[in-house]
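# sequence? don't have it. structure:
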């Protein structure tokens, strides 16, 4: 989905202005946080996330998202979210599973992953 860099920057500026000027009091915002938000905005235009260099701000990931970063966690997630697709997924060779994990981590699109599971299942049967 493309939001356009101008609209995103305006929205970001308004949002940050609201935090800074609330009730006439200026609030300090960590410059590292602003760099991280700008990197998120840039991701919409490039479809690639490049974390800011030397950022002092580190986001926190919930435990569910960190579990998805390995194949076992992804398999468990798929089994919970789409048991039918998981039946076909578990029969795929490892290289296909790795490809599906990589695609899911890049896009977060489970529907696309499910379509690819069926596509790869047909490829394996050939």
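Everything's here; your move. The structure presented is a predicted model; accordingly, all values stated were derived computationally and were not measured.
# pretty sure residue 104 sits against residue 113.
Yes: Residue 104 lies in contact with residue 113 (C-beta atoms under 8 Å); the separation is 5.0 Å. (Glycine included, C-beta is placed from N, CA and C.)
# so this structure: which segments form each domain?
Here the domain parsing of the chain from automatic domain parsing is 5-46, 63-125.
# separation between residue 31 and residue 39?
Going from residue 31 to residue 39 by C-beta to C-beta, to the nearest Å gives 13 Å.
# coming back round to it: what's the most buried one of the domains of the chain?
Among the domains of the chain, ranked by average contacts under mean count of other C-beta atoms under 10 Å, first place goes to domain 63-125 (a mean of 14).
# which stretches of this structure have low pLDDT?
Applying pLDDT under 70 to the chain picks out residues 1-28, 49, 54-68.
# could I get the full set of helices for it?
5-21, 31-46, 63-67, 71-81, 83-89, 94-107, 110-125 (DSSP state H).
# can I get these in CSV with distance to residue 52?
Below are those laid out as CSV (distance: least, C-beta to C-beta, whole Å):
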stretch, distance to residue 52
helix 5-21, 14
helix 31-46, 4
helix 63-67, 20
helix 71-81, 27
helix 83-89, 35
helix 94-107, 20
helix 110-125, 28
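# which of those helices sits closest to residue 53?
Among those, the nearest to residue 53 by C-beta to C-beta is helix 31-46 (8.7 Å).
# packing partners of the closest one?
When contacts are defined as 3 or more C-beta pairs under 8 Å, 6 or more residues apart in numbering; DSSP states H and E, helix 31-46 packs onto helix 5-21.
# quick one: contacts for the closest residue in space to residue 103 that isn't next to it in sequence?
Counting by C-beta to C-beta, 6 or more residues apart in numbering, residue 113 is the residue found nearest to residue 103 once chain neighbours are left out, at 6.1 Å. Contact analysis of residue 113 by C-beta atoms under 8 Å, 6 or more residues apart in numbering lists 78, 85, 100, 103-104.
# which among the residues you listed gets closest to residue 117?
Out of these, the member with the shortest distance to residue 117 (by C-beta to C-beta) is residue 85, at 5.1 Å.
# can you pull the contacts of the closest one?
Residue 85 neighbours (C-beta under 8 Å, 6+ apart): 78, 113-114, 117-118.
# okay then, goodbye and thanks.
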